[in-house]
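Student: I need the structure of the sequence given here:
(one chain, ligands or ions: 1)
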Amino acid sequence: MEKISTIAKKHNLFVIEDTAQALASKYKNKYLGTFGDIGCFSLGLAKLLNVGYGGLLVTNDKKLYKKIKKFRNHNIGFENDKYDELGFNFKISDITTSIGITQLQKLPKKIAHLKKIYSLYEKEFKKLDYIKLIRVNTKNEIPLYIEVVSKYKKDLMKFLQQNEIETKELPPSLHLSNHLKQKGKFKNSIYFDKYSFILPSGPNQEIKNIKKTIKVIKKFKKG
Ligand SMILES: Cc1ncc(COP(=O)(O)O)c(C=O)c1O
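Tutor: You can find the predicted model right below:
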């Protein structure tokens, strides 16, 4: 973030942080999403704060705050009630807001649950050489999902599926998409595309499912 902020300052640019999955996570004791001019959070189904779908943004800049508030309401001015510029209809309903407030109160409990899931996987995977956790510093970061790397990814995913355990691929490397084709090599992106996937996890995942997943993974025979 320091490097990005320096570049932004030099070229007079705004910084918008995509903190979609990083609610309540910190870097150097400061909440992610509060480093730039605007931080954006996802409130989708599988997120820490879940209202069904949609998102929210935060800013400390009063001018931006006022602009965004108008922007989400067809850009109708508060003082003069007329359309100042092009705007959108991104309003949030009272019902959705009520769900969000209730979810907010559950945050500490959910965070503790996610950390418990992480520590269960972490403890067992230390003993295995065919699967590795993509590590999270749980002192500052919330381990929303359990992402792993394995040379035996395909076989492991198949083995888990045969044992009625669902896993998930991460989204494919962006540079491979038709509309964003890039010439670079992006070897880290290719590596994670090839070897990483997501294990059962998330705020609503039951501990008994985590224990079952660990038990099955320990039975996996590599090669
Ligand atoms: C880094 C990142 N950005 C953006 C999004 C999109 O969020 P939404 O589905 O709420 O639009 C996600 C969703 O998981 C994400 O992880």
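Student: only C-alpha atoms for contact and neighbour calcs from this point on.
Tutor: OK.
Student: can you pull the contacts of the closest residue to the ligand within the chain?
Tutor: Closest residue of the chain to the ligand, C-alpha to the nearest ligand atom: residue 42 (3.9 Å). With contacts defined as C-alpha atoms under 8 Å, 6 or more residues apart in numbering, the neighbours of residue 42 are 19-21, 49, 53-56.
Student: what's the answer for residue 132, then?
Tutor: By C-alpha under 8 Å, 6+ apart, the residues touching residue 132 are 125-126, 148-150.
Student: Quick one: list the elements packing against the host helix or strand of residue 210.
Tutor: Using DSSP states H and E, residue 210 falls within helix 207-219. Here helix 207-219 is seen to pack against helix 107-125, helix 153-162 when contacts are counted using 3 or more C-alpha pairs under 8 Å, 6 or more residues apart in numbering; DSSP states H and E.
Student: could you redo the last one with a cut-off of 10 Å?
Tutor: Secondary-structure packing of helix 207-219 (3 or more C-alpha pairs under 10 Å, 6 or more residues apart in numbering; DSSP states H and E): helix 107-125, helix 153-162, strand 196-199.
Student: Most tightly packed of the ones you listed?
Tutor: Compared across the helices and strands packed on helix 207-219, strand 196-199 shows the largest average neighbour count, a mean of 21 (mean count of other C-alpha atoms under 10 Å).
Student: quick one: strands adjacent to it?
Tutor: Paired neighbours of strand 196-199 in the sheet (DSSP bridges): strand 146-149 (antiparallel), strand 168-169 (antiparallel).
Student: Adding distance to the ligand and mean neighbour count, write those strands out as JSON lines.
Tutor: Below are the strands paired with strand 196-199 laid out as JSON lines (distance: least, C-alpha to the nearest ligand atom, whole Å; neighbours: other C-alpha atoms under 10 Å):
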{"stretch": "strand 146-149", "distance to the ligand": "13", "mean neighbour count": "20"}
{"stretch": "strand 168-169", "distance to the ligand": "13", "mean neighbour count": "14"}
